[in-house]
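Q: quick one: sequence plus predicted model below, questions after.
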Amino acid sequence: MLQSFLPVIVFAGLGLITGGTLALLNGLIGPRRPNKVKDEPYECGLPSEVSRTFRFGVSFYMVAMLFILFDIEVVFLYPVGVILKGAHSVFVLAEIIVFVALLLLGLVYVWRRGALNWK
């Protein structure tokens, strides 16, 4: 049993050793030229003009949470899709159709409530 996991353990060990060694070498011999411009936040190619007291709107967090929610639910479709190929059953297909219909119903509900509107 352990013999089948040996290549995975060896590659994981080699990856950790290589990554750790390169990170250590970068910290030891890498250039350090800190200045004010490098310490400023930087995002999407433009310097940030936002103060530290800036607060994001609730819609930003709503869209993020809804994305995570629907993303996780869609991940559950993969194992069922694998089972569906060998199941030869209409019940499994009907179960997936009901699941997707409930997902769409939830999406329509959230859309109608205005949670996806970016204001």
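A: All right, it came through fine.
Q: centre of the chain to the longest helix seen in the chain, how far?
A: Longest helix of the chain, by residue count under DSSP state H: helix 2-29. Put simply, helix 2-29 sits 24 Å off its chain's centre (Cα atoms, centre = their mean, to the nearest Å).
Q: which strand or helix spans residue 112?
A: Assessed by DSSP states H and E, residue 112 sits inside helix 90-113.
Q: just checking, what packs against that helix?
A: Counting contacts by 3 or more Cβ pairs under 8 Å, 6 or more residues apart in numbering; DSSP states H and E, helix 90-113 is packed against helix 58-75, helix 77-87. Any C-beta I mention is one placed from the backbone N, CA and C, and that applies to glycine too.
Q: what angle separates that helix from helix 58-75?
A: 170 degrees (axes from the mean of the first three to the mean of the last three Cα atoms, to 10 degrees).
Q: buried residues in helix 90-113?
A: Neighbour-count burial for helix 90-113 flags 92, 103, 110 (criterion: 16 or more other Cβ atoms under 10 Å).
Q: sorry, back to before: may I see the helices and strands packed on helix 90-113 arranged in JSON lines, with mean pLDDT, distance to residue 13 and mean neighbour count as well?
A: Formatted as JSON lines, the helices and strands packed on helix 90-113 follow (pLDDT from 0 to 100; distance: least, Cβ to Cβ, whole Å; neighbours: other Cβ atoms under 10 Å):
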{"stretch": "helix 58-75", "mean pLDDT": "81", "distance to residue 13": "29", "mean neighbour count": "12"}
{"stretch": "helix 77-87", "mean pLDDT": "77", "distance to residue 13": "29", "mean neighbour count": "11"}
